[in-house]
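**Q** next one to model:
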Amino acid sequence: MLSVIIITKNEAHSIGACLASVAWANEIIVVDSGSDDDTVAICQKFGALISKNEWPGYGKQKNHALSLAKGDWILSIDADERVTPELRQEIEQAIANPGDSVAWKIPRLSSFCGRFIHHSGWWPDYITRLFHRDYAKFSDDIVHERVIVTGLTGTLKAHFLHESIENLEDLLTKMNQYSTAGALMSHERNKTASLRKAVGHGLWAFFRSYLLRVGFLDGREGFILAVSTAESTYYRHLKLMLMNR
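**A** From the prediction side, this is the model:
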């Protein structure tokens, strides 16, 4: 039995396509943290089991969703991700004949302002999202959580589609959210920051994304992405510096 787990808040613009892509699963669990748009109504139309839970951070919220699932096999997917027909076929084959594997990494092809990004460190962007419930759980990180696996992790070839950043308004909103969450996580870990570190890490983030990871091959979107990565890094360090005052 395969359970799909999703966490949401105000995802009415994207959750329908996500749910349609996993409608073949045995069970869909949605944990919502207070949507005031049509997210919950759309999930109900797809027959998802819905739980409401206050936002404790990405890792803890996904572990809560995991605790509600009944399937032995778990597929964790975000509201802005889609399972392609090719990936569905590979997932079904993997859990039917898992061999020694208890989890699988899946590549993710992400779009940025209308363009799929094939460089800039965004491809193949392997993420562990398919696993046996007895051998894995999420880290408790506020943001950038990861699946901790006890056992062998395989790799699938077919990829997720990820509608990551739709436009510049979306980019600025997520940059602010993730830089704040990242600073909070670093603050809890007693990390330090300074203006010099903020500038240095920001410049390095641009250099790595645009030159080392050949983001220039992604055209103007690659440049915008590299600048936004640098900005996000810069603001994360500045926010941490001010938290530590």
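
**Q** residues touching the residue sitting nearest the centre point of the chain, list them.
**A** Nearest to the mean C-alpha position of the chain, by CA atoms, centre = their mean, lies Asp78 at 6.0 Å. By CB atoms under 8 Å, 6 or more residues apart in numbering, the residues touching Asp78 are Ile6, Ile7, Cys18, His162. C-beta here means a position set from N, CA and C on the backbone, and glycine is covered the same way.

**Q** and the gap between it and Ile7?
**A** 8 Å (CB to CB, to the nearest Å).

**Q** cool, Gln61 as well?
**A** For Gln61, the distance to Ile7 (CB to CB) stands at 5 Å.

**Q** what do the two both touch?
**A** Val31, Ser33.

**Q** just the buried members of the contacts of Asp78?
**A** Buried residues within the contacts of Asp78, defined by neighbour count using 16 or more other CB atoms under 10 Å: Ile6, Ile7, Cys18, His162.

**Q** in strands only, show me those.
**A** The members of those that map onto strands under DSSP state E are Ile6, Ile7, His162.

**Q** how is the residue nearest to the centre of the chain assigned, secondary-structure-wise?
**A** coil (DSSP: H, G, I helix; E, B strand; the rest coil).

**Q** quick one: the helices in the protein?
**A** 15-21, 39-45, 58-68, 85-96, 168-188, 195-207, 219-243 (DSSP state H).

**Q** turn these into a markdown table, including distance to Ile28 and mean pLDDT.
**A** Below are these laid out as a markdown table (distance: least, CB to CB, whole Å; pLDDT from 0 to 100):
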| stretch | distance to Ile28 | mean pLDDT |
| --- | --- | --- |
| helix 15-21 | 7 | 98 |
| helix 39-45 | 8 | 97 |
| helix 58-68 | 10 | 96 |
| helix 85-96 | 14 | 98 |
| helix 168-188 | 25 | 93 |
| helix 195-207 | 36 | 97 |
| helix 219-243 | 31 | 97 |
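
**Q** identify the farthest-apart pair in the contacts of Asp78.
**A** The largest separation in the contacts of Asp78, counting by CB to CB, is between Ile7 and His162 at 15.4 Å.

**Q** which pLDDT value belongs to His144?
**A** At His144, the pLDDT value in this model is 85.
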